[in-house]
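**Q** Fold the following, please.
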Amino acid sequence: MTVMNQQETVRAWRLQGREAEVHLYLSAAEGDVGALLGARVLGLPLALSIVPVSDWIDAADLNRAAVAVVQVNADSPASLKRFERLVATAGDTPVIAAAFEPPLALVRSLLRSGAHDVLPLPLSLGDLEASLAPLAAQVQQKDVQSLAGSSRLITFCKARGGSGATAIASQLACRFAAREAAAGRHACLIDLDVQFGDVAFQLGLNPKFSLTDAIGAGARLDGELLRSIATPHPSGLAVLSAPEEMLPLEALNNDQILGVVERAQRAYDTVFVDLPANWTHWSLSLAARSDLILMIADLSVVGLRQARRQLDLLHEQDLGDVPLEIVINRYEKSLFGSVKQADVTKVLNRDARFTVANDPATVTGAIERGVTVDEIKRKSAFGSDLDRLDKALVSLLGLER
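**A** Down below sits the predicted model:
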């Protein structure tokens, strides 16, 4: 596993995360809006969504916004109703109305419904800055890290290629999702290994859409669209598959990846991410934001050595404070094995609390048939270890079942 520009620290990765923004919801890019999009107001970037004035706006989208500016048409009852509903569900996000030559009666009505201000269209940077000035303290305190709400983010990283991380990620996520569904919660697995990802294949899925479609949706990506792009698994797990075509890792950037993951966190209670074998700026950003990192290492001298190198790298990038658990895959308790549990602790300089049994017949059979391991063997050593991991996740994430 390698990292792009190892001299940078997590402070750089975090700064590359998606910022809270001043989001404009307009029916057309009129006037100076095109010029405004390159500007910043109160230190925050402007974002634009072209939305017909009668179309509903998903209130969850405002989680990404420090302030929302929404167009209202005086002669459109649906537009007025949309604005009132949005204000009522916006939580602590200020909502500003914008209208062409708004009559005094409309201005009063909008302010009574909860608008923080009413701006004339076409928008100008001066008017926008003046309107936002009284909100400066509130806007600048908006914490980007809280944008995803209470959703949990769990990332799987590979100590090295071939460690079996994807098999554990896909099988564990299915188990977890089925049990979470019984508790009324939903889970998603995003395959970000854009070159060699095969989560969908291992689970026997034939996705119509992939990560490429989610990224291509850009600002249009909301919870409903993401759920339609993700492929449902019988366990209840939603799978956002890797692209069908191989992509260079550098073809993706922080805004694209973090935008999709943040949207997934607003749509699902738990989001699992299978990372590529090589570190990138965006994968380090995801690691920094994770509630838990599961590092998968195989029980071999080379595997443990690579795991130690990964741990050292994460510490060098100031990611040592992110919760992380080592999972030793293909574990055997044989008295004659070349690597013992004591060797694991010695090499890693920490305990590996979780192991997954070496059960190639069950795992390979499940992958080849595209099913869960329980369909191959109802009670297997591999399945039992996944149960222990699932139970540990519930405890580590503070969930109740």
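**Q** And for residue 332, nearest residue in space, chain neighbours not counted?
**A** Leaving aside its chain neighbours, residue 332 sits nearest to residue 358 (5.0 Å; criterion: Cβ to Cβ, 6 or more residues apart in numbering). The C-beta positions use only the backbone N, C-alpha and C, and glycine is treated the same way.
**Q** give me phi/psi at the one you found?
**A** phi -80, psi 100 (degrees, to the nearest 10).
**Q** Pull up the per-residue confidence for it.
**A** On pLDDT, residue 358 comes in at 93.
**Q** What degree of burial does it show, as a neighbour count?
**A** Neighbourhood size, residue 358 [other Cβ atoms under 10 Å]: 19.
**Q** I'd assumed residue 364 was in contact with it.
**A** No. Residue 358 lies out of contact with residue 364 (Cβ atoms under 8 Å); the separation is 11.5 Å.
**Q** Next, residue 295: secondary structure please.
**A** Using DSSP: H, G, I helix; E, B strand; the rest coil, the structure places residue 295 in strand.
**Q** separation between residue 216 and residue 67?
**A** 27 Å (Cβ to Cβ, to the nearest Å).
**Q** likewise residue 267?
**A** Applying Cβ to Cβ to residue 267 and residue 67 gives a distance of 23 Å.
**Q** between these two, who's got more neighbours?
**A** residue 67 (27 against 21).
**Q** Now for the more buried one: which residues touch it?
**A** The contact partners of residue 67, taken as Cβ atoms under 8 Å, 6 or more residues apart in numbering, are 22-23, 44, 93-96, 116, 132, 135, 139.
**Q** ok, now residue 273?
**A** Contacts of residue 273 (Cβ under 8 Å, 6+ apart): 153-156, 189-190, 192, 261, 286.
**Q** Wasn't it part of a helix?
**A** No. Using three-state DSSP, the secondary structure at residue 273 is strand, not a helix.
**Q** Residue 193 versus that one, what's the distance?
**A** For residue 273, the distance to residue 193 - Cβ to Cβ - is 10 Å.
**Q** re earlier: so of the contacts of residue 67, which ones are in strands?
**A** Counting by DSSP state E, the members of these that fall within strands are 22-23, 44, 95-96.
**Q** Show the contacting residues for the residue nearest to residue 332.
**A** Residue 358 neighbours (Cβ under 8 Å, 6+ apart): 299, 329-332.
**Q** now do 10 Å
**A** 164, 298-299, 328-334, 337, 381-382 (Cβ atoms under 10 Å, 6 or more residues apart in numbering).
**Q** Same check on residue 297?
**A** Residue 297 neighbours (Cβ under 10 Å, 6+ apart): 157-160, 163-165, 303-308, 310-311, 326-330, 344, 347-348, 352.
**Q** go on, residue 169?
**A** 154-158, 189, 191, 193, 199, 202, 272-275, 294, 296.
**Q** Doesn't it lie inside a helix?
**A** Yes. According to three-state DSSP, residue 169 belongs to a helix.
**Q** ok, it to residue 48 distance?
**A** Relative to residue 48, and taking Cβ to Cβ, residue 169 is found at 36 Å.
**Q** what's the burial count for residue 154?
**A** Neighbour tally, residue 154, other Cβ under 10 Å: 23.
**Q** meant to ask about residue 290
**A** Residue 290 has 22 neighbouring residues, counting by other Cβ under 10 Å.
**Q** helix, strand or coil for the residue lying closest to it once chain neighbours are set aside?
**A** Spatially, and ignoring its direct neighbours in sequence, residue 290 is nearest to residue 155 (4.6 Å; Cβ to Cβ, 6+ apart). Under three-state DSSP, the three-state class of residue 155 is strand.
**Q** anything in contact with each of residue 273 and residue 193?
**A** 156, 169, 283.
**Q** Confidence-wise, which of those comes last?
**A** residue 283 (93).
**Q** can the shared contacts of residue 273 and residue 193 go into JSON lines with extra columns for distance to residue 254?
**A** Formatted as JSON lines, the shared contacts of residue 273 and residue 193 follow (distance: Cβ to Cβ, whole Å):
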{"residue": "156", "distance to residue 254": "19"}
{"residue": "169", "distance to residue 254": "22"}
{"residue": "283", "distance to residue 254": "10"}
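**Q** ok, so of those, who is nearest residue 229?
**A** residue 169 (19.3 Å; Cβ to Cβ).
**Q** separation between that closest one and residue 394?
**A** From residue 169 to residue 394 the distance is 17 Å (Cβ to Cβ).
**Q** I'd like the average pLDDT over stretch 190-200.
**A** On average, stretch 190-200 scores 95.
**Q** actually stretch 301-310, not the one I wrote
**A** If you average the pLDDT values across stretch 301-310, you get 92.
**Q** Give me the buried positions along that stretch.
**A** Going by neighbour count (16 or more other Cβ atoms under 10 Å), the buried part of stretch 301-310 is 303-304, 306-308, 310.
**Q** Okay, domains of the protein per the record?
**A** 19-144, 147-396 (automatic domain parsing).
**Q** hey, which of those domains is tucked in deepest?
**A** Neighbour counts (mean count of other Cβ atoms under 10 Å) averaged over each of the domains of the chain peak at domain 147-396, with a mean of 19.
**Q** where does the chain dip in pLDDT?
**A** Applying pLDDT under 70 to the chain picks out residues 1-19, 29-35, 37-38, 63-64, 137-149, 334-339.
**Q** residue closest to the middle of it?
**A** The centre of the chain sits closest to residue 261, judged by Cα atoms, centre = their mean, with a distance of 2.0 Å.
**Q** Might one say that that one is in contact with residue 282?
**A** Yes. Between residue 261 and residue 282 a contact is recorded at 9.2 Å, counting by Cβ atoms under 10 Å.
**Q** overlap in contacts of those two?
**A** Joint contacts of residue 261 and residue 282 (Cβ under 10 Å, 6+ apart) are residue 192.
**Q** which one of the contacts of residue 273 sits closest to residue 36?
**A** Taking those together and measuring to residue 36 by Cβ to Cβ, the closest member is residue 261, at 27.2 Å.
**Q** Right, I'll call it a day here.
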